[in-house]
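Asker: Need coordinates for the below:
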Amino acid sequence: MPGYLSIVLHAHLPFVRHPEHEKFLEESWLFEAITETYLPLIQIINGWRRDQLPAHITLSLSPTLCSMLLDPLLRERYAKHLDGLIDLAEKEIHRTHWDRQFRELAWMYHHKFCQARETWRHYDGNLIAAFREFQDEGRLEIITTAATHGLLPLMSNHPPSIRGQILTARDHYNRCFGRDPRGIWLPECAYAEGVEKYLQEANIRWFILDTHGVLHAKPRPRYGTFAPIFTPNGVAAFGRDFDSSRQVWSKHEGYPGDPRYRDFYRDIGFDLDFDYVRPHLPSPDNRGFTGMKYYRITGTSEKQVYQRDHALSAASEHARHFLEERVTQARQVSPLLDRPPIIVAPYDAELFGHWWYEGPEFLEFLARKLCQDQKEISFITPGEYLQRHTTNQIATPGASSWGEEGYWRAWLNESNEWIYPHLQIAQERMTDLANRFPDATGLEARALKQAARELLLAQASDWPFILRAGTSPDYARRRVKDHLLRFIALFEQLNEDQVDEKWLREIEARDNLFPDVDWTRWK
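Answerer: Predicted coordinates:
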């Protein structure tokens, strides 16, 4: 076999749960991802299982995402949201009765929403159970990431925080999937020397880096990104393949920019009468995305109507081109290696379906073409690769991320630098609490667990990224401040031995992830 292809999808969303509000705008991030990415992915893998297709990929499910997918309140709200989508599609079928193009699209959405609801109900709203079932059957390798997706290199000056993020994630993964994770998606693929010490403690065997993180390793890797390297303590690092990344992610060359694909931004939530769409908007007082979009990508001039059959033809063409390029790569480098090259292609999972509407079909076409139309390259997961090829070069990776400029600028800049001095103080105080209260019980133990949760939530990389991007800056700023203020209050109450049980119960009900978090991880 000349080569391997490893598709790695990273599914992550920040923890957003607001029981104090009947409807909350940012909860729609989760609902959109479930409808457009996670349920279609489950449907695709079920198709591979039905047809006994030897297609298996890797999926990272962040602990915050898993917590939301398991939360009864959010599951109940999503079920109502999905019913609302079907109601909207039915309204659109009637509204577009005399416009054939739009009516066909309304029927398409109605069919897809009904399929989503059927899949949701089949698993009783428990998508974690669906993914666990796929992993137990060997069709999926599920990996974890840091507990709240905190950027680990920015915690290098406080190693217990790195340890707390990783071990909390390990423990939560075990709770969800009945085993320990073997691989991890470092948040933002961000690496700095020393992180692997805590991965080893968690018995995590591999992680993924951006291309330059491997190419800048010392000594320089003999096989580039076409084979993993072992860090000095034996944890493997896989490098992102540059070419397969460019073909999907590039603004100028990437497949999702094809004008036959659906336009993400043109939504009926902005086009139609406000009172008509208002019941279906994520925020009833503001226009927003409903998920029903009738136009394709045709630049900034007059938009053309989306044609589903043309879009699916494009997805099939792009899947064929992607596979041909990977086969060509494997042929070119195979003679230079003493083993089949591995081409690691990591992407944000939400790209497939949410941002790139035809992304799930692209994956479906790719899997079937790879498994049925050729024999030169096969699917493999990083974990399977390490089982087959146990000897690899030892090298220390270079500091890196897959963010802006290849390092940490997106998460540390003039828009968000104010966060880190406050985080540093809170982190040091968390270690102080862990050292002083190692055997706490009862109310003290509850307060210490909640302090750990609030710190973890404040450390999420999502908040500084949103501040930098400017998408929902007020919300991100408020989240950081709220979690830090709750942490400070808990710290002071523990110091004074006067924990406010009523208030604690309120914030436990609000920030309710990681029920078994171990505060002594920060010792």
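
Asker: and the longest helix for this protein?
Answerer: helix 308-333 (DSSP state H).

Asker: tell me what that helix is packed against?
Answerer: strand 3-11, helix 100-122, helix 242-249, strand 342-348, helix 359-372, strand 377-379 (3 or more C-beta pairs under 8 Å, 6 or more residues apart in numbering; DSSP states H and E). C-betas here are computed from N, CA, C, even on glycine.

Asker: So for residue 146, which of the ones you listed sits nearest?
Answerer: Closest approach to residue 146 among the helices and strands packed on helix 308-333 is made by strand 3-11 (12.0 Å; C-beta to C-beta).

Asker: Now find how far off-centre stretch 421-440 is within its chain.
Answerer: In terms of C-alpha atoms, centre = their mean, to the nearest Å, the centre of stretch 421-440 is found 29 Å from the chain centre.

Asker: one step back: quick one: which of the helices and strands packed on helix 308-333 is nearest residue 166?
Answerer: Nearest to residue 166, of the helices and strands packed on helix 308-333 and by C-beta to C-beta, is strand 3-11 at 16.3 Å.

Asker: Which neighbouring elements make contact with the helix-or-strand element of the chain with minimal mean pLDDT?
Answerer: Between all helices and strands in the chain, the lowest mean by mean pLDDT, DSSP states H and E belongs to helix 242-249, at a mean of 90. Contact partners of helix 242-249 among helices and strands, from 3+ C-beta pairs under 8 Å, 6+ apart: helix 308-333, strand 342-348.

Asker: want to throw these into a markdown table with distance to residue 176, mean neighbour count and mean pLDDT?
Answerer: Formatted as a markdown table, the helices and strands packed on helix 242-249 follow (distance: least, C-beta to C-beta, whole Å; neighbours: other C-beta atoms under 10 Å; pLDDT from 0 to 100):
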| stretch | distance to residue 176 | mean neighbour count | mean pLDDT |
| --- | --- | --- | --- |
| helix 308-333 | 31 | 17 | 96 |
| strand 342-348 | 20 | 22 | 97 |
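
Asker: returning to that earlier point: possible to save the helices and strands packed on helix 308-333 as CSV with distance to residue 230?
Answerer: Below are the helices and strands packed on helix 308-333 laid out as CSV (distance: least, C-beta to C-beta, whole Å):
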stretch, distance to residue 230
strand 3-11, 17
helix 100-122, 40
helix 242-249, 22
strand 342-348, 14
helix 359-372, 28
strand 377-379, 23
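
Asker: Give me the below-cutoff pLDDT ranges for the stretch 251-400 of the chain.
Answerer: Flagging of the stretch 251-400 of the chain using pLDDT under 70 yields the residue ranges 299-301.

Asker: In JSON lines, list the helices and strands packed on helix 242-249 along with distance to residue 95.
Answerer: Formatted as JSON lines, the helices and strands packed on helix 242-249 follow (distance: least, C-beta to C-beta, whole Å):
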{"stretch": "helix 308-333", "distance to residue 95": "19"}
{"stretch": "strand 342-348", "distance to residue 95": "34"}
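
Asker: closest to residue 243 out of the ones you listed?
Answerer: helix 308-333 (6.5 Å).

Asker: Which of the helices and strands packed on helix 308-333 sits closest to residue 438?
Answerer: Once the helices and strands packed on helix 308-333 are compared by C-beta to C-beta, strand 3-11 is nearest, at 34.8 Å.

Asker: Note down every partner strand of the closest one and its orientation.
Answerer: strand 57-61 (parallel), strand 342-348 (parallel), strand 377-379 (parallel) (DSSP bridges).

Asker: And the helices and strands packed on helix 308-333: which comes nearest residue 42?
Answerer: helix 100-122 (5.9 Å).

Asker: Output the contacting helices and strands for the closest one.
Answerer: For helix 100-122, the packing partners by 3+ C-beta pairs under 8 Å, 6+ apart come out as helix 39-50, helix 72-95, helix 308-333.

Asker: Format the ones you listed as TSV; extra columns: distance to residue 436.
Answerer: Output for the helices and strands packed on helix 100-122, formatted as TSV (distance: least, C-beta to C-beta, whole Å):
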stretch	distance to residue 436
helix 39-50	45
helix 72-95	34
helix 308-333	55
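
Asker: Of those helices, which is nearest residue 18?
Answerer: Comparing these by C-beta to C-beta, helix 72-95 comes nearest, at 9.4 Å.

Asker: now the closest one: mean pLDDT?
Answerer: For helix 72-95, the mean per-residue pLDDT is 97.

Asker: quick one: contacts of it?
Answerer: 17, 19, 27-28, 30-31, 34-35, 68-69, 102-103, 106-107, 109-110, 113-114, 116-117, 120, 125-126, 268, 276-277, 279-280, 290-292 (C-beta atoms under 8 Å, 6 or more residues apart in numbering).

Asker: Then stretch 167-181?
Answerer: 61, 63, 66-67, 70, 128, 131-132, 135, 142-147, 184, 198, 201-204, 452, 456, 514, 516-518, 521.

Asker: Which members of these occur in helices, if any?
Answerer: 63, 66, 67, 70, 128, 131, 132, 135, 198, 201, 452, 456.

Asker: list the contacts for the nearest residue to the last one once chain neighbours are set aside?
Answerer: So the one you mean is residue 456. Closest residue in space to residue 456, ignoring its immediate chain neighbours: residue 148 at 4.6 Å, by C-beta to C-beta, 6 or more residues apart in numbering. The contact partners of residue 148, taken as C-beta under 8 Å, 6+ apart, are 14, 15, 63, 64, 165, 456, 457, 459, 460.

Asker: could you redo the last one with a cut-off of 7 Å?
Answerer: Residues in contact with residue 148 (C-beta atoms under 7 Å, 6 or more residues apart in numbering) are 15, 64, 456, 457, 459, 460.

Asker: Apart from its neighbours in sequence, what residue is nearest residue 6?
Answerer: residue 344 (4.8 Å).

Asker: ok, now how distant is that neighbour from residue 278?
Answerer: Residue 344 sits 45 Å away from residue 278, going by C-beta to C-beta, to the nearest Å.

Asker: I'd like to check which residues are in contact with residue 204.
Answerer: Listed by C-beta under 7 Å, 6+ apart, the contact set of residue 204 reads 181, 182, 183, 184, 235.

Asker: I'd like to know which of the residues you listed are part of strands.
Answerer: 183, 184 (DSSP state E).

Asker: Make TSV from the contacts of residue 204 and add pLDDT to it.
Answerer: Shown next, in TSV, are the contacts of residue 204 (pLDDT from 0 to 100):
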residue	pLDDT
181	98
182	97
183	98
184	98
235	97
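
Asker: what's the closest of the contacts of residue 204 to residue 374?
Answerer: residue 183 (27.0 Å).

Asker: about what we covered before: rebuild the contacts of residue 204 as JSON lines, extending it with neighbour count and distance to residue 48.
Answerer: Formatted as JSON lines, the contacts of residue 204 follow (neighbours: other C-beta atoms under 10 Å; distance: C-beta to C-beta, whole Å):
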{"residue": "181", "neighbour count": "25", "distance to residue 48": "23"}
{"residue": "182", "neighbour count": "18", "distance to residue 48": "22"}
{"residue": "183", "neighbour count": "25", "distance to residue 48": "21"}
{"residue": "184", "neighbour count": "24", "distance to residue 48": "25"}
{"residue": "235", "neighbour count": "23", "distance to residue 48": "30"}
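
Asker: Find the nearest non-adjacent residue to residue 34, please.
Answerer: residue 78 (5.9 Å).
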